[in-house]
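Asks: let me see the structure of the following:
(chains A and B, ligands or ions: 3)
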Amino acid sequence: MLSTLASAADPTPMAAPKPLIEVQDLKVHFFTRDGVVRAVDGVDYGVNPGETLGIVGESGSGKTVSSLAMLRLVPPPARTVGGRILFEGEDLLTRTPKQMAALRGRRIAMIFQNPATSLNPIYSIGAQLSEILVWHEKASRRQAEERVAELLNLVGITDPLTRLRQFPHELSGGMKQRVGIARALLCNPALVLADEPTTALDVTIQAQILELLADLQARFHMSMVLVTHDMGVVARMANRITVMYAGRVCETADAATIFSAPQHPYTRALLESMPRIDQSYSRGARQKLPTIAGRPPNLLNPPAGCRFHDRCPEAIADCRRILPVETAIAPGHTVSCIRRGSPGIAA
Amino acid sequence: MGTARYIARRLIFSACLILGVSVILFAMINAIGNPIEILLAERPGMTDEVIESVSRYYGLDGSVTDRYFTWLWAILRFDFGTSIIYNQPVSEMLVTYGLETLKIQIPAILIALVVSVLISVMAATRQYSRLDFGVIAGAMLGHSLPGFFIGILLILVFSYWLGILPSYGAYSTRNMLMNSTLIDGLWHMVLPVGMLVFFNTATLTLLMRSSLVEVLRQDFITAARASGLPERRVVFGHALRNAFIPVLTYLGILFGVMLGTAPVTETVFTWPGLGALYIMAIQQLDYPLIMGETMIITFMLVGATLLTDIAYVAIDPRIRLA
Ligand SMILES: Nc1ncnc2c1ncn2[C@@H]1O[C@H](COP(=O)(O)OP(=O)(O)O)[C@@H](O)[C@H]1O
Ligand code: SF4
Ligand SMILES: [Mg+2]
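Replies: Ligands and ions are numbered 1, 2, ... in the order given. Model (predicted):
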């Protein structure tokens, strides 16, 4: 499209904002003794500047692995075997290790699921956070500590000067996660990857942490990828939502669309299994929430065809044979299901 | 900070331990019987009267408790009496021979520590590589071979076949190497230290590698990497220090093992240390020497444990309040 409408400020001829990071056909496989585990097997998603992308999926669907892939930190025996990860237009998979290291923590930072294990137990909070600043920004130890204290204050930690001298085991879980958040924000990253940041916390703390994240994200105009298995969390936090299942993407759309007009059968099933505010559940009744029968497939030998077919209420014979490919059914709404018009690859 | 209190508690505990050993040692020695009777038994013309007067001379005529406290008071002043066979103050001998023992053991442990850290880092950061398997296999082999076997092998190769290193003693009896006591001493240390390094490196590497592999899997390591810290800092600064904690406990034990096997080590290399002296003292029933040796070895062991306990606190903040 040789459009003359493109302005100097926006070289792309499209109205849509240019994504800050764009994951294209990402494949991360674990090369185990038993064979190749296709943990992430052709995943696409993108995050626009300043927005929160929620990635939802059951445990084991490849959310953590794909997040780590964005930092090029997939643990062995896993390897990123295909795809592109365009960050500010450049493919991270072609960066040198040194360039990658310079990006981590500075431009792209991560918040981990378990605050109890993601802080080094033998260094004080101040030591391990200021080390990062000293490294990236060549700050002096003192400047770094001042900035760390400032950030601790910002993430709602009272008396930060005392906390600086404390060790992780002296803090509560919620407090540790706040430190984890402060660590991610040290260098004002453009993108924060939050991998189930509240899963390991008490329910009462969860809400506080989510609120804090939303607040900080707006304040610093960061982009955020919020990984969770909890539809309730993305409902509160995300602008757009990507639903993952067994290492592939089912559906991506803006949050309102996902909740009001979900298209993929898996998305619908997830929503049905979500407790709703307008219904009350007694202790016993809570068990009666519809759940999705069956279990996700083994990714060692994923079934041919659609990976959801053995649990899908709408499955037809072709689903066992044809692997659906994500396709746009409306602007900004993509689905991968042959019954919603997605093209497929025959096995 | 509970650190001072923690150390004070460990000190008191150590003192009690040493006291306990002294009681047991004294009781056991006492159970053997009157040393005078045993030592002089075979001599001709031994009358009860002579035995009695000699016993009185050595202060062996009092009650057991009196004798214990007399002895305890003496050893607290670092007076272990006079060696019967060498006719020298035991305390002086303990210092001379003790230094010879430490002279090979401390360098051996330090060298083994550095070498095993380097090997472990190489292996653990390349887990399941050929190098890693090689390291595991080598360390297992080294760990299972008895130390004296390595010692004899070293002597065979370097002293007997190649003839480049001395196989016995701490110093040359006639001409010092390069006319220097220092160089000559170092030259003599090579083989015994080499044997101890070999043995300790194998054991420490096994331990350190598995500890490091375990730590490198932890979330906080991924988090350190995700923060952009260079791999060097992640491995040496974050992983190694954590991996070192279980190894530290073992260092105290390792020192104990080395002291315990000092008689073997020092016999293989005819090294004039506490181990060789102990064997001699026992063979000759040199009571003051046996007792002095036992106490000094206890002291060294307890000291090593105390040091590891303190190093523990320095490395691991979590046990400070425990
Ligand atoms: N160490 C491993 N070895 C083999 N497969 C693994 C390993 N770790 C993860 N996987 C595979 O990767 C898949 C995705 O894992 P993960 O990204 O952690 O899931 P999520 O974060 O969505 O719960 C898992 O279902 C599993 O099949
Ligand atoms: S492709 Fe078939 S099995 Fe897969 S989600 Fe659609 S209907 Fe269900
Ligand atoms: Mg996960």
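Asks: I figured A:Ala101 hits B:Ser227, correct?
Replies: No: counting by CB atoms under 8 Å, A:Ala101 stays clear of B:Ser227, with 9.7 Å between them. Quick note: C-beta positions are derived from backbone N, CA and C, even for glycine.
Asks: looking at the two now, which is surrounded by more residues?
Replies: B:Ser227 (27 against 22; other CB atoms under 10 Å in any protein chain shown).
Asks: got the phi and psi for B:Ile164?
Replies: phi -110, psi -10 (degrees, to the nearest 10).
Asks: give me the low-pLDDT residue ranges for the chain?
Replies: Here I'm looking at chain A. Under the criterion pLDDT under 70, the flagged ranges of chain A are A:1-17, A:275-290, A:347.
Asks: switch to chain B, please.
Replies: B:1, B:41-42, B:320-322.
Asks: minimum distance to ligand 2, which residue of it gives it?
Replies: B:Thr222 (33.0 Å; CB to the nearest ligand atom).
Asks: neighbours of that residue, just the number please.
Replies: 21.
Asks: spit out the contact partners of the nearest residue to it once chain neighbours are set aside.
Replies: Closest residue to B:Thr222 apart from its sequence neighbours, by CB to CB, 6 or more residues apart in numbering or on different chains: A:Leu73 at 6.1 Å. A:Leu73 makes contact with A:Arg104, B:Thr222, B:Arg225, B:Ala226 under the criterion CB atoms under 8 Å, 6 or more residues apart in numbering or on different chains.
Asks: nearest to ligand 1, out of the residues you listed: which one, please.
Replies: For the contacts of A:Leu73, the residue nearest ligand 1 by CB to the nearest ligand atom is B:Thr222; the value is 11.9 Å.
Asks: for the closest residue to chain B within the stretch 1-150 of chain A, give me its contacts.
Replies: For the stretch 1-150 of chain A, the residue closest to chain B is A:Gly105, as judged by CB to the nearest CB, at 3.4 Å. Counting by CB under 8 Å, 6+ apart, A:Gly105 touches A:Ile132, A:His136, A:Ala184, A:Leu186, A:Cys187, A:Pro189, B:Ala226, B:Ser227, B:Gly228, B:Leu229.
Asks: at 7 Å instead, please
Replies: A:Ile132, A:His136, A:Cys187, B:Ala226, B:Ser227, B:Gly228 (CB atoms under 7 Å, 6 or more residues apart in numbering or on different chains).
Asks: which ones, among those residues, also lie beside ligand 1?
Replies: With CB under 6 Å from any ligand atom as the criterion, these include none near ligand 1.
Asks: of the residues you listed, which belong to strands?
Replies: Among these, no member falls in strands (criterion: DSSP state E).
Asks: so the residue nearest the centre of chain A bridges to which residues?
Replies: With distances taken as CA atoms, centre = their mean, the residue of chain A nearest its centroid is A:Val227 (3.4 Å). Beta bridges link A:Val227 to A:Ile55, A:Asp195, judged by DSSP bridges.
Asks: check whether it really touches A:Ile55, as I assumed.
Replies: Yes: when contacts are counted by CB atoms under 7 Å, A:Val227 is listed as touching A:Ile55 (4.8 Å).
Asks: so what sits against both of those two?
Replies: Contacts common to A:Val227 and A:Ile55, judged by CB under 7 Å, 6+ apart, are A:Lys63.
Asks: flag every buried residue along the helix or strand encompassing A:Phe31.
Replies: Following DSSP states H and E, one finds A:Phe31 within strand A:21-32. Buried residues in strand A:21-32, counted by 16 or more other CB atoms under 10 Å in any protein chain shown: A:Ile21, A:Glu22, A:Val23, A:Leu26, A:Lys27, A:Val28, A:His29, A:Phe30.
Asks: ditto for stretch A:90-98
Replies: Under 16+ other CB under 10 Å, the buried positions of stretch A:90-98 are A:Leu92, A:Arg95.
Asks: one step back: of the buried residues of strand A:21-32, list those near ligand 1.
Replies: A:Phe30.
Asks: coming back round to it: am I right that the residue nearest to B:Thr222 sits in a strand?
Replies: No: with DSSP: H, G, I helix; E, B strand; the rest coil as the criterion, A:Leu73 is coil rather than part of a strand.
Asks: could you pull out the strands for chain A?
Replies: Going by DSSP E, chain A shows strands at A:21-32, A:35-47, A:52-56, A:78-87, A:90-91, A:108-111, A:191-195, A:223-228, A:240-245, A:248-254, A:322-324, A:327-330, A:333-335, A:344-346.
Asks: how about the backbone phi and psi for A:Ile316?
Replies: Given degrees, to the nearest 10, the pair of backbone angles that A:Ile316 has is phi -120, psi 180.
Asks: ok, it - contacts?
Replies: Taking CB under 7 Å, 6+ apart as the test, what A:Ile316 contacts is A:Arg339.
Asks: for it, give its distance to A:Gln166.
Replies: 59 Å (CB to CB, to the nearest Å).
Asks: returning to that earlier point: any chance of the contacts of A:Gly105 in JSON lines, plus distance to A:Gly50?
Replies: Shown next, in JSON lines, are the contacts of A:Gly105 (distance: CB to CB, whole Å):
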{"residue": "A:Ile132", "distance to A:Gly50": "24"}
{"residue": "A:His136", "distance to A:Gly50": "22"}
{"residue": "A:Cys187", "distance to A:Gly50": "18"}
{"residue": "B:Ala226", "distance to A:Gly50": "22"}
{"residue": "B:Ser227", "distance to A:Gly50": "23"}
{"residue": "B:Gly228", "distance to A:Gly50": "22"}
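Asks: which of those residues has the most neighbours?
Replies: Neighbours here mean other CB under 10 Å. Within the contacts of A:Gly105, the largest count is held by B:Ser227, at 27 neighbours.
Asks: quick one: the nearest residue to B:Ile245 once chain neighbours are set aside and B:Tyr6, what's the gap?
Replies: Nearest in space to B:Ile245, with sequence neighbours left out and distances taken as CB to CB, 6+ apart, is B:Asp316 at 5.4 Å. Distance of B:Asp316 to B:Tyr6, given as CB to CB: 12 Å.
Asks: go on, B:Thr205?
Replies: From B:Thr205 over to B:Tyr6 (counting by CB to CB), the distance is 30 Å.
Asks: between those two, which one's more packed in?
Replies: Neighbours of B:Thr205 and B:Tyr6, each counted by other CB under 10 Å, are more numerous for B:Thr205; the result is 25 against 18.
Asks: my guess is the more buried one contacts B:Ser116. True?
Replies: Yes: counting by CB under 7 Å, B:Thr205 touches B:Ser116, with 4.2 Å between them.
Asks: could you list the domains of the chain?
Replies: Since no chain was named, I'll use chain A. If you go by automatic domain parsing, the domain ranges for chain A are A:17-107+A:189-275, A:120-186.
Asks: I was thinking of chain B, sorry if that wasn't clear
Replies: B:2-76, B:90-315.
Asks: pretty sure A:Arg165 sits against A:Ser130.
Replies: No: between A:Arg165 and A:Ser130 there is no contact under CB under 7 Å: 11.8 Å.
Asks: comparing the two, which shows the higher neighbour count?
Replies: A:Ser130 (24 against 11).
Asks: for that one, which non-adjacent residue is spatially closest?
Replies: Excluding the flanking residues, the one nearest A:Ser130 by CB to CB, 6+ apart is A:Ala144, at 3.6 Å.
Asks: same question, A:Arg178
Replies: That would be A:Val155: by CB to CB, 6+ apart, it lies 4.4 Å from A:Arg178.
Asks: contacting residues for B:Glu266?
Replies: Residues near B:Glu266 by CB under 7 Å, 6+ apart: B:Gly273, B:Gly275, B:Ala276.
Asks: the last one contacts B:Thr267, doesn't it?
Replies: Translated: B:Ala276. Yes: between B:Ala276 and B:Thr267 there is a contact under CB under 7 Å: 6.2 Å.
Asks: quick one: which of those two has more around it?
Replies: Set side by side, B:Ala276 and B:Thr267 show more neighbours around B:Ala276, with 22 against 14, by other CB under 10 Å.
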